[in-house]
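> okay, structure incoming, though there's no sequence with it:
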């Protein structure tokens, strides 16, 4: 799993993780511009980066990158501590928990696609329920669940295709970073 | 799955109050109780008590199986004073009142006629009785006025009295049931005794809503939102009965002719008193499309809906205000405002 | 790096997760059936006849007689609106389309009102 970086020494992996985290933040900010039936509820494109970190460095680093993305992303957009921030946090937490559960399964049972789909679906479910519980307690909101689950599945597959192709390249040739 | 688990958790968390539904085959029919409550144990306790009470009442009041009512019938025919079982006297007294209010169209004293038609048995006959047999009973038909009351004691003045309180017993039982539920601290419930219902309180988000089934069996004719304590009872010619030579013989017998009532298809009565609503729906079905308004007045029921053999709906102005008709229910609606 | 995770072709586990998530769609539909407020019927109340419930299924226009004259209610695509009403303010017409259950509009001067009803607005008991 993750290699242990010696203190105060910036390793190649650290650089990779930092780069991936900043990419995650960038995607997060881009994604905030995508229209959604409920403002703040997103399909979770930033999960692409989370998954890349997961496969290269393990769950703990993925969780770090995910948390950093939510925090830095909201600070940069200016939504820190706003409803949008809590929706992002809920989505990231739920998908990291879902990934964590699958990560515990024996290796080989579930691959990129399964993890990605479940992460995306958990992401939207958690966001929608958070939106319903905290901000818009109208049953209309939950009525969107089927649509958003469908969107989550589609984006989950989409993310997985991207992650798989990146993974393929990274394994075929040495990392450029 | 975390996503699903979170959704499940959050949905269940907001339901501290629930609508419990329990069913049991008591009182010779399927009884369902819906209770809106936040105290599940209290509600279950109340429903269990209600079901066992109904079971007891069914045995006590049965018109032809040995019990308090058959014992009473036997003694009533002997023309002497006696004290019936405790569960019987109030039923007899109220039946007499309803008999008078219905001008004899609701007649629980004519059990002998009902028995002649074969309805005092679990399996129904395959043909109606002979006309001469009907006539001989009809010539000297017992009525509830043949029973005298004195300080808890009763005396029958007719040798052929057999009490069949079937036309009001369910209503009386449901009244007992709602009273029992209230005593158990239940303030919101819907009691459904085989298609006759009484409501207590409401469902929470709205009133208890009852659909009145179309007598032709095709879906729902209309719906009524019950007020607190209101009951809705329907009698129809499609209920218990048998066919012989392409004719249907049902169990609501017209005491004037000795034959099953055929003046209407069904009558629905909305009233706070279940026993009165039950007896009135029976009496008005007997009265039929021509005479129902007079009997409704004398029975003091002002919310009545009658379906005639042409499929037309007749109703009182009071019922019109309360009922919502499905658009495919009837071509013609006739309002009787003077009731 | 975990060798198993470099597998880029979907396997049985992935398929299982996909199927599970797909199942969530009808499940959530069914399960939120009560919460969803998509109406399927409309109740129209008028002074001269009894209140009636009409299905929202075929698109059509219903003409209802009121105190002052005829109010027209158009039903289209699961929504309803007043298209004309003989009342002064015409608030009922101006309010436009109504598509949520429980929502409705009344033309008070003409005593004609409509309310949209959701499928869960059915009966707590059947009387027969």
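Perfect, thanks for sending it. Note that the coordinates shown come from a computational prediction; the quantities given were computed from them, not determined experimentally.

> whichever residue of the stretch 151-300 of chain B sits closest to chain A in helix, strand or coil?
Closest contact between the stretch 151-300 of chain B and chain A, by C-beta to the nearest C-beta, is at residue B:205 (11.3 Å). Backbone N, C-alpha and C define where each C-beta goes, glycine included. Three-state call for residue B:205 (DSSP: H, G, I helix; E, B strand; the rest coil): coil.

> how close does it get to residue B:36?
Going from residue B:205 to residue B:36 by C-beta to C-beta, to the nearest Å gives 10 Å.

> between these two, which one's more packed in?
Shown here are residue B:205 and residue B:36; by other C-beta atoms under 10 Å in any protein chain shown, residue B:36 has more neighbours (21 against 10).

> just checking: what are the partner strands of the strand or helix carrying that one?
Per DSSP states H and E, residue B:36 falls inside strand B:29-37. Here strand B:29-37 is paired, per DSSP bridges, with strand B:18-26 (antiparallel), strand B:189-193 (antiparallel).

> in it, what's buried?
Buried positions in strand B:29-37, judged by neighbour count with 16 or more other C-beta atoms under 10 Å in any protein chain shown: B:29, B:31, B:32, B:33, B:34, B:35, B:36, B:37.

> same deal with stretch B:242-250?
By neighbour count with 16+ other C-beta under 10 Å, stretch B:242-250 contains the buried residues B:242, B:249, B:250.

> give the contact list for the second one.
I take that to be residue B:249. B:117, B:128, B:241, B:242, B:243, B:260 (C-beta atoms under 8 Å, 6 or more residues apart in numbering or on different chains).

> and those residues, which two are furthest apart?
B:117 and B:243 (13.6 Å; C-beta to C-beta).

> mind listing the strands for chain A?
With DSSP state E as the criterion, chain A has no strands.

> what residues does it have near chain B?
Residues of chain A lying close to chain B by C-beta under 8 Å from any C-beta of the partner chain are A:94, A:97-98, A:101, A:118, A:121-126, A:129, A:132-133, A:145.

> need the buried ones from the residues you listed selected in ChimeraX.
Applied in ChimeraX, the following selects the buried portion of these according to 16+ other C-beta under 10 Å:
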select /A:94,97,98,118,121,122,123,124,125,126,129,132,145
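
> and the furthest pair within the residues of chain A next to chain B?
So, the residues of chain A next to chain B by C-beta to C-beta: farthest apart are A:101 and A:132, at 23.3 Å.

> mind listing the strands for chain C?
Under DSSP E, chain C gives strands at C:41-45, C:51-55, C:60-65, C:70-76, C:79-84, C:104-107, C:112-117, C:125-127.

> what's the closest of those strands to residue B:148?
Closest to residue B:148 of the strands of chain C, according to C-beta to C-beta: strand C:125-127, at 36.4 Å.

> show me what the closest one packs onto, helices and strands only.
Helices and strands touching strand C:125-127, by 3 or more C-beta pairs under 8 Å, 6 or more residues apart in numbering or on different chains; DSSP states H and E, are strand B:189-193, strand B:196-200, strand B:208-213, strand B:231-236.

> how about a cut-off of 7 Å?
If you count contacts as 3 or more C-beta pairs under 7 Å, 6 or more residues apart in numbering or on different chains; DSSP states H and E, strand C:125-127 packs onto strand B:196-200, strand B:208-213.

> between strand B:189-193 and the shortest one, find me the angle.
The reference is to strand B:196-200. Relative orientation of strand B:196-200 versus strand B:189-193 (axes from the mean of the first three to the mean of the last three C-alpha atoms, to 10 degrees): 170 degrees.

> what sits up against strand B:196-200?
For strand B:196-200, contacts defined as C-beta atoms under 7 Å, 6 or more residues apart in numbering or on different chains pick out B:170, B:174, B:178, B:181-182, B:186-191, B:208, B:210, B:226, B:228-234, B:274, B:278, C:125, C:127.
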